[in-house]
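Participant: here is a sequence with its predicted model. Questions after.
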There are 2 protein chains.
Amino acid sequence: MDLKIKNLGIESGGKPIVFLNVNDADELGVSASGRIRIKHGGELTAIVNIASASVQKGYLGISKEVQKILNLEQDSVVDVQLSPFPKSLQFIRNKLNGKKLTDEEIHEIVNAVVNGNLSESEIASFVTSLHIQGLSLDEATSLSSSMVMTGKQLFLNAKQIVDKHSIGGVPGDKTTLLVVPIVAASGLNIPKTSSRAITSAAGTADRAETIMPVDLEISEMKEVVNKTNGCIVWGGALDLAPADDIFVKTEYSLCIDPLLLPSIMSKKKAVGATHLIVDIPTGRGAKVKTIGEADLLAKDIIELGKRLGIHCHCVLTYGEQPIGNTIGPSLEAREALGILMKKYQIPDLFDKVCHVAGSIFELTGQKNGFGLAKDILLSGKAEKKLREIISQQGGQSEIQLDDFGIGTNTFEYRSTEDGQVLWTDNSIMVEIARAAGAPKDKGSGIVFNKKNGDKVSKNDLLFTVYSEKSQKLSRAEQILDEKTPMGIGEKMEMLIHQVKESPIVKRTFVLDR
Amino acid sequence: MDLKIKNLGIESGGKPIVFLNVNDADELGVSASGRIRIKHGGELTAIVNIASASVQKGYLGISKEVQKILNLEQDSVVDVQLSPFPKSLQFIRNKLNGKKLTDEEIHEIVNAVVNGNLSESEIASFVTSLHIQGLSLDEATSLSSSMVMTGKQLFLNAKQIVDKHSIGGVPGDKTTLLVVPIVAASGLNIPKTSSRAITSAAGTADRAETIMPVDLEISEMKEVVNKTNGCIVWGGALDLAPADDIFVKTEYSLCIDPLLLPSIMSKKKAVGATHLIVDIPTGRGAKVKTIGEADLLAKDIIELGKRLGIHCHCVLTYGEQPIGNTIGPSLEAREALGILMKKYQIPDLFDKVCHVAGSIFELTGQKNGFGLAKDILLSGKAEKKLREIISQQGGQSEIQLDDFGIGTNTFEYRSTEDGQVLWTDNSIMVEIARAAGAPKDKGSGIVFNKKNGDKVSKNDLLFTVYSEKSQKLSRAEQILDEKTPMGIGEKMEMLIHQVKESPIVKRTFVLDR
């Protein structure tokens, strides 16, 4: 069937999407979500939407993506034919019906996802099936490899390439900003890619961006690592695992995460990691609630690592309160720099950093990793290394603690009673920091004066909320009027909470890959 | 945040969809598939898409649906705020994680589906969860009721309202065209709604449309039934279960059908049915392959009917070959009329029709249903009744067998050997009829000269393909070059087929609600 092109000027998120008039669709025998093949010089298979009014009979409405691929002009005439459903859809159906997928089948699916040959519904069904039916180790391995194969890769000329990853879920976790310079200062290569916040108050890329550019290309990243042994760049623009960026969109609103391990491991494999430490923050308020759960996850990570040729160890860390004394991009970056400059003493953060860096050292064959990490940190070599990295990534390497722009609108939250801090609610803290403007407003966030276990007197300052905008500070104050972010008491009170009617369980899940 | 309206002029299939520039989305803290609340006089929650080039910062791109609901003009300024995810999404997550849903939760989900508050991905995930986790009888009941509540209903002033439904999957099944006039002629009310073909060669609505208009509104349908006791109308425009029309879109490309029973029963409930016969064609090549499977399905149907106040019986019918001697809208309608006029003798179709109509009679308390149905058919009352219905629906009630427009391009398929017909492949027959133009070209299809068990000599005519267009006939011929639609042999050959490499299982599923 010959149809005239109508450029709709819309973006369809990478997928080739077309709109057919309902009469033409009938004539072709294609329904919504069916496929057609468009010929015009080149060929392209596109997913069909049915329009009644916006596209007239005889026309084919196309998205910008289709326009670009086939280089089509308004009113060009193209040949349109019914196309069968892609093979990958059959494989998705198999998974949905409980069958294990082979390596070839998974590769076909991941390819189709990256090439835009599957609709959002079909991808959502695949991700849902993986969540419900589970992934075998073979399937996880194939998914990881397929995601690497369909993305870009970093090739460094080194025998040992180390990396670290945190499962995430705990606010204030600026560990990476400290671990990378410590490890790089030891001479090991650590080409670190990081994410931006999706539902959290700051991702590592958001934190690092307050001191240096992080949106480097792969070639630039390679140069930085070659010169300094390390880097901290945003992974989002590197195209390391484009399939994952598509899967994560579906997972986000459904709050499921079946592809977590393949997602993590594919990105590590793509930068050539040979040794990897995975941090699993554990506890109430973290993603992983119990040590038993964390151990199972660790086992899966280590096994999957083996299959992919990455030597993995996991560290379970205390995740029941924010790490260190700050939440928010600039506040956290300043805190990290302050530790490297030996201006701040933050015991929990210091301990976590030395344990994670130390584990990397031990994984690569060194002894007394914790002591080695501590020595490098206290020697000032790590500060010097971070400044080298900042300089190579194009930032101001001479940055001082006063140079960070912190919000000037503040609100002090004080204790209304005597006692000690019994608990801190991570998710309420994130909500407050986000209401105050983080991660978008880099200078917004929270500074803690008291943490779990600290003694508190009535009227003591518990924490201060910082915001770049007074309007956003008010939003944060409003949350504090309604919710209790910290529990203060003399002894552990036994009542957790009452259930008076069918409760709606809030999403506490934080995506962070 | 204030944004200027940009009408994108696209249809988003009922859902309120907006496009935000990536910078504005960051500022609002909303990601793709998140929700925003738009205020402009009225209020509306819409699903967010992120655009980088097609919608500039400061603008809100909107679909026709949003434009209509809020009555927005180009460059109007609206207030936009981040909106939480709908409650229904939490319930979908619960199902996904294996929890049973309550009546209220299901009602919330179905409402959200109808109001466009859930994205295609989210709906796909729900449908996938239902497929994998299964539905309890309680859940199926709630889904049925919710679908009725969110749609329109037919209210007839009668104690007994009967209905019939076929699970579908067998080509050539024109049973309804005969059952409705037989039952209506007996004085029972049968307000029959039917579907059009999606993947088949003809739906009952397609068949009926060759002799009368079928796209009536509810008020017109009511008038026809009040005057004649029966009708055969297209259900698609009646809005009886709008949620189902949305679910079915997802199910179509995934080839799953977890909502089959709620879908069927909600539409029967919506027309007020008190007694229902469900035909379950059974056998290789049908949707339901074994009698065991069919019995389980029948049990579920009867139980669900009880909950909804519909008295159900099921009939299992032979589904291993097409029903009667024709496939294709006009050919099938002509065959049905021919039987009513006693011009044709088609034993299998005659038997099926009298059994289905007879079951309806027995379900409503009459004895010897089969005999009663046969009497009404042979007496000519059913023909008279059909002509009344045709007249009331606005068709030519005097229509004769010669008035049907049948394709003039024909291809005869003959036997290459002696023997008998061992099997007929339903799905290949559908493929041929569709290639020849059915259901879009109403006069295209197949006429059989031989059916399963018939003796055949070499060169005997097995069937003839009819097409309105010579080009489409060639496509059908091509299929016959490649595939074997009928098996002819002297005895059952033991080899079914060989598997030489990993086979791709073809979709044989036919949606027909």
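Facilitator: Cool, got the structure.
Participant: now the residue in the stretch 351-500 of chain A that chain B sits nearest to: closest residue in space, sequence neighbours ignored.
Facilitator: Nearest to chain B in the stretch 351-500 of chain A, going by CB to the nearest CB, is residue A:440, at a distance of 5.4 Å. (Each C-beta comes from the backbone N, C-alpha and C, glycine too.) Spatial nearest neighbour of residue A:440, chain neighbours left out: residue B:26 (5.4 Å); criterion: CB to CB, 6 or more residues apart in numbering or on different chains.
Participant: could you report the neighbour count for that neighbour?
Facilitator: Other residues lying near residue B:26 total 15 when counted by other CB atoms under 10 Å in any protein chain shown.
Participant: got it, and the one 10 residues further on?
Facilitator: When neighbours are defined as other CB under 10 Å, residue B:36 has 23 of them.
Participant: biggest strand in chain A by residues?
Facilitator: In chain A, taking DSSP state E as the definition, the longest strand is strand A:42-51.
Participant: sheet partners, orientation included, of it?
Facilitator: Strand pairing for strand A:42-51, determined by DSSP bridges: strand A:17-21 (parallel), strand A:35-40 (antiparallel).
Participant: out of those, deepest packed?
Facilitator: Per residue and on average, the most neighbours among those fall to strand A:17-21, with a mean of 24 (mean count of other CB atoms under 10 Å in any protein chain shown).
Participant: got the contact list for it?
Facilitator: Residues outside strand A:17-21 that contact it (CB atoms under 8 Å, 6 or more residues apart in numbering or on different chains) are A:3, A:8, A:28, A:30, A:36, A:38, A:46-52, A:54-63, A:65-66, A:80, B:10-11.
Participant: which of those residues count as buried?
Facilitator: Buried subset of the contacts of strand A:17-21 (neighbour count, 16 or more other CB atoms under 10 Å in any protein chain shown): A:3, A:8, A:28, A:30, A:36, A:38, A:46-51, A:54-55, A:59-63, A:65-66, A:80, B:10-11.
Participant: show the pLDDT at residue A:241.
Facilitator: As predicted, residue A:241 sits at a pLDDT of 91.
Participant: so how far is residue B:349 from it?
Facilitator: In this view, residue A:241 and residue B:349 are 57 Å apart by CB to CB, to the nearest Å.
Participant: the two: who's more crowded?
Facilitator: With neighbours defined as other CB under 10 Å, residue A:241 and residue B:349 compare such that residue A:241 has more, 32 against 24.
Participant: what number of residues lie near residue A:366?
Facilitator: Using other CB under 10 Å: residue A:366 sits among 14 other residues.
Participant: now do residue A:274
Facilitator: 18.
Participant: now for it: which residues touch it?
Facilitator: Shown in contact with residue A:274 (CB under 8 Å, 6+ apart): A:159-162, A:309-311.
Participant: reformat those residues as TSV; add distance to chain B, neighbour count and secondary structure.
Facilitator: Shown next, in TSV, are those (distance: CB to the nearest CB, whole Å; neighbours: other CB atoms under 10 Å in any protein chain shown; DSSP: H, G, I helix; E, B strand; the rest coil):
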residue	distance to chain B	neighbour count	secondary structure
A:159	39	8	coil
A:160	37	15	coil
A:161	32	22	strand
A:162	31	29	strand
A:309	27	9	coil
A:310	30	21	coil
A:311	34	16	strand
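Participant: tell me where the stretch 201-350 of chain A has strands.
Facilitator: If DSSP state E, counting those that start in this stretch is used as the criterion, the strands of the stretch 201-350 of chain A fall at A:230-234, A:275-282, A:311-318, A:326-327.
Participant: and the stretch 51-200 of chain A, which residues reach chain B?
Facilitator: For the stretch 51-200 of chain A, the residues in contact with chain B (CB under 8 Å from any CB of the partner chain) are A:51-54, A:61, A:64, A:85, A:87, A:89-90, A:92-93, A:96, A:98, A:102, A:119-125, A:127-129, A:131-133, A:198.
Participant: among those, which are located in strands?
Facilitator: Those of these mapping onto strands are A:51, A:61, per DSSP E.
Participant: now which of the residues of the stretch 51-200 of chain A next to chain B would you call buried?
Facilitator: Buried among those by 16+ other CB under 10 Å: A:51, A:54, A:61, A:64, A:85, A:89-90, A:92-93, A:96, A:119-125, A:127-129, A:131-133.
Participant: who's in contact with the residue lying closest to residue A:470 once chain neighbours are set aside?
Facilitator: Using CB to CB, 6+ apart and skipping residues adjacent in sequence, the residue nearest residue A:470 is residue A:409, 4.7 Å away. The contact partners of residue A:409, taken as CB under 8 Å, 6+ apart, are A:466-470, A:472-473.
Participant: and the residues you listed, which is closest to residue A:209?
Facilitator: When the contacts of residue A:409 are compared for distance to residue A:209 (CB to CB), residue A:468 wins out at 15.2 Å.
Participant: count of residues packed around that closest one?
Facilitator: Counted with other CB under 10 Å, residue A:468 comes out at 22.
Participant: give the contact list for it.
Facilitator: A:407-409, A:437, A:441, A:443-444.
Participant: just the helices in the stretch 151-300 of chain A please.
Facilitator: In the stretch 151-300 of chain A, the segments counted as helices under DSSP state H, counting those that start in this stretch are A:175-185, A:204-209, A:218-228, A:242-254, A:260-270, A:291-308.
Participant: name the residues that touch the last one?
Facilitator: For helix A:291-308, contacts defined as CB under 8 Å, 6+ apart pick out A:137, A:140-141, A:144-145, A:167, A:261-262, A:264-265, A:269, A:276, A:278, A:280, A:282, A:288, A:311-314, A:316.
Participant: list buried residues within the residues you listed.
Facilitator: Buried members of those, counted by 16+ other CB under 10 Å: A:140-141, A:144-145, A:167, A:261-262, A:264-265, A:269, A:276, A:278, A:280, A:282, A:288, A:311-314, A:316.
Participant: for residue A:172, give its distance to residue A:198.
Facilitator: For residue A:172, the distance to residue A:198 (CB to CB) stands at 17 Å.
Participant: actually, residue A:395.
Facilitator: For residue A:395, the distance to residue A:198 (CB to CB) stands at 24 Å.
Participant: can you measure across stretch A:10-20, start residue to end residue?
Facilitator: By CA to CA, to the nearest Å, the extent of stretch A:10-20 from end to end equals 15 Å.
Participant: same check on stretch A:22-42?
Facilitator: Start and end residues of stretch A:22-42 are separated by 25 Å (CA to CA).
Participant: for that stretch, what is the distance to the chain centroid?
Facilitator: Chain-centre distance of stretch A:22-42: 37 Å, with CA atoms, centre = their mean, to the nearest Å.
Participant: what is the burial count for the nearest residue in space to residue A:279 that is not next to it in sequence?
Facilitator: Excluding its sequence neighbours, the residue lying closest to residue A:279 (CB to CB, 6+ apart) is residue A:166, at 4.1 Å. Using other CB under 10 Å, the number of residues around residue A:166 comes to 27.
Participant: who's in contact with residue A:166?
Facilitator: If a contact means CB under 8 Å, 6+ apart, then residue A:166 has A:173, A:175-176, A:278-281, A:512 as its contacts.
Participant: quick check, nearest of those residues to residue A:231?
Facilitator: Taking these together and measuring to residue A:231 by CB to CB, the closest member is residue A:176, at 11.2 Å.
Participant: how about residue A:114: what's its closest non-neighbour residue?
Facilitator: residue A:150 (4.5 Å).
Participant: from what I see, that neighbour and residue A:243 are in contact.
Facilitator: Yes: under the criterion of CB atoms under 8 Å, residue A:150 makes contact with residue A:243 at 5.6 Å.
Participant: more neighbours, these two?
Facilitator: Higher neighbour count among residue A:150 and residue A:243: residue A:243, with 26 against 19, using other CB under 10 Å.
Participant: who are the contact partners of that one?
Facilitator: Residue A:243 touches A:110, A:113-114, A:146-147, A:150-151, counting by CB under 8 Å, 6+ apart.
Participant: any stretches of chain A with poor pLDDT?
Facilitator: Chain A contains residues with pLDDT under 70 at A:13, A:492-494, A:496-497, A:500-513.
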